[in-house]
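*Asks:* Give me a model of this one.
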Amino acid sequence: MKVVRVETRCVTERLAKPIGSALGQLHSFGCILIFVHCDNGVVGENLVFALNARRTRVLQAMIEELGDLIVGRDAGHIAGFWARAWKDINFLGHKGVPVVGISALDGALWDALGKMSKLPLYRILGGAQDRVPAYHSGGLWLSSSDRELAAEAESFVAAGFKAMKMRLGSPDPATDIARVRTVRTAIGPHIKLMADGNQGLTESQAIRLGRALEEFDLTWFEEPLPAWDVDGLARVAAALDTPIASGETEYTRYGFRRMLELRSADILMPDLQRVGGVSEFMRVSHMAESYDIPVSSHLFPETSLQVLGALANANYLEYMPWFSKLYNEPIEFADGQALVPERPGWGFTFNQDYVSHLERT
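*Replies:* Have a look, this model is predicted:
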């Protein structure tokens, strides 16, 4: 099975209502759909994106440039592609846009391999579980009022979710504390609650706020510090009883190795787009397992689900439905868990009619 061409399509997916976090306001996403066409008719698919559709074309150009490294080659030699691409991007650097380009093609190649083999990726990758606990991450934003927070949290529970995540980052920490209290009161003591600082705090602020939030029994306190301050994050993790989750903005096994050595986080959160694709997500997760550290996904629930299903140390799928309309198949849930589909490859395919609609608008 050889790759004959790489196709990319750009669309903009807009939110019905802008949302706010410590990272700023979000109103749209520039999505790049990747199609790796093979000589036997199999097409591997994947998705990467840019916030507010900024730098989308830069990502698209990187993917197309790296496509030269797979065209005419065996689509199943994914490790070979990864090694060639890692060497190829050396001059530009091993973080940022070049790694996103590798991730985009890596994921499409894995999808193609699954489709050719007629197996879901989680089974090809080893198989650990056919369902993964999920938390709802598509709400409880910093821009929501207390009334909206309570109503939305209650709606997530009514929908069957047993875990959810809210955002922090108010100018006054007392406001954050009150907002967490509002959500905890709304959902009761038995629903898991996570809180995300979106990299908006200093080390001392994170420790003070984290200690004040311990009465609410948070499942984790996510990304309180800027992503580059892994040393400071280690000190925050050591100071708090609440587990620290981080890693969504980290790149490849080398960045995560440093986090593990420092004990910067109690839960690692690789992002399929930034970690280096399926191949590197698996390497990072197995490395974390050697430290007895669990992993949770960041965004991309349709594709992350297959990878988490292959990992014994996977603890949560982040359910963020930003891109769900792009797929033909919905994620299925049972008793607060996402079911890993037994369909080949990712188990999710792009809805071409909807994609064409977005291209016209």
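
*Asks:* Verify the stated contact: residue 200 with residue 22.
*Replies:* Yes: using CB atoms under 8 Å, residue 200 is in contact with residue 22, at 3.4 Å. No exception for glycine: its C-beta is placed from N, CA and C like everyone else's.

*Asks:* Can you tell me, leaving aside adjacent residues, what's nearest to residue 69?
*Replies:* residue 84 (5.1 Å; CB to CB, 6 or more residues apart in numbering).

*Asks:* Repeat that for residue 276.
*Replies:* Per CB to CB, 6+ apart, closest to residue 276 is residue 252, 4.8 Å.

*Asks:* Quick one: name whatever helix or strand follows the helix or strand hosting the residue nearest to residue 69.
*Replies:* Take DSSP states H and E as the rule and residue 84 turns out to sit in helix 78-88. Scanning forward in sequence from helix 78-88 by DSSP H and E, the next helix or strand is helix 97-117.

*Asks:* Who are the packing partners of that following helix?
*Replies:* Counting contacts by 3 or more CB pairs under 8 Å, 6 or more residues apart in numbering; DSSP states H and E, helix 97-117 packs against strand 3-21, strand 24-38, strand 43-51, helix 56-66, helix 78-88, helix 121-124, helix 272-275, helix 277-289.

*Asks:* can you give me the angle that helix makes with strand 43-51?
*Replies:* 150 degrees (axes from the mean of the first three to the mean of the last three CA atoms, to 10 degrees).

*Asks:* which neighbours do residue 200 and residue 22 share?
*Replies:* 168, 169 (CB atoms under 8 Å, 6 or more residues apart in numbering).

*Asks:* So for the two, which sits in the more crowded spot?
*Replies:* residue 200 (20 against 17; other CB atoms under 10 Å).

*Asks:* contacting residues around that one?
*Replies:* 22, 23, 168, 169, 224.

*Asks:* how about 10 Å then?
*Replies:* 21-23, 142, 167-170, 206, 223-226 (CB atoms under 10 Å, 6 or more residues apart in numbering).

*Asks:* next one: residue 184
*Replies:* 153, 166, 191, 193, 213, 215, 216, 217, 218.

*Asks:* Which one, of the helices and strands packed on helix 97-117, ends up nearest to residue 176?
*Replies:* strand 3-21 (12.5 Å; CB to CB).

*Asks:* for the record, mean pLDDT for that closest one?
*Replies:* Throughout strand 3-21, pLDDT has a mean value of 93.

*Asks:* Give me the buried positions along it.
*Replies:* Judged by neighbour count using 16 or more other CB atoms under 10 Å, the buried positions of strand 3-21 are 3, 6, 8, 9, 10, 11, 12, 13, 19, 21.

*Asks:* Specify the beta-bridge partners of the second one.
*Replies:* Just to be clear, that refers to residue 6. residue 36 (DSSP bridges).

*Asks:* which stretches of the stretch 101-250 of the chain form strands?
*Replies:* 131-136, 163-167, 192-196, 220-222, 244-246 (DSSP state E, counting those that start in this stretch).

*Asks:* which ones are touching the residue positioned nearest the centre of the chain?
*Replies:* Centroid-nearest residue in the chain: residue 298, 2.1 Å away (criterion: CA atoms, centre = their mean). Residue 298 is in contact with 137, 222-223, 245-250, 268-275, 304, 318, 320, counting by CB under 10 Å, 6+ apart.

*Asks:* Repeat that for residue 170.
*Replies:* Residue 170 touches 22, 142, 176, 177, 178, 179, 200, counting by CB under 10 Å, 6+ apart.

*Asks:* If any of those are buried, put those into a ChimeraX selection.
*Replies:* Here is the ChimeraX command that selects the buried residues among the contacts of residue 170 (16+ other CB under 10 Å):
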select :22,142,176,177,179,200
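
*Asks:* Just put the contacts of residue 170 in a markdown table and tack on distance to residue 47.
*Replies:* A markdown table is the format used below for these (distance: CB to CB, whole Å):
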| residue | distance to residue 47 |
| --- | --- |
| 22 | 25 |
| 142 | 26 |
| 176 | 32 |
| 177 | 37 |
| 178 | 37 |
| 179 | 32 |
| 200 | 27 |
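
*Asks:* Done for today, thanks.
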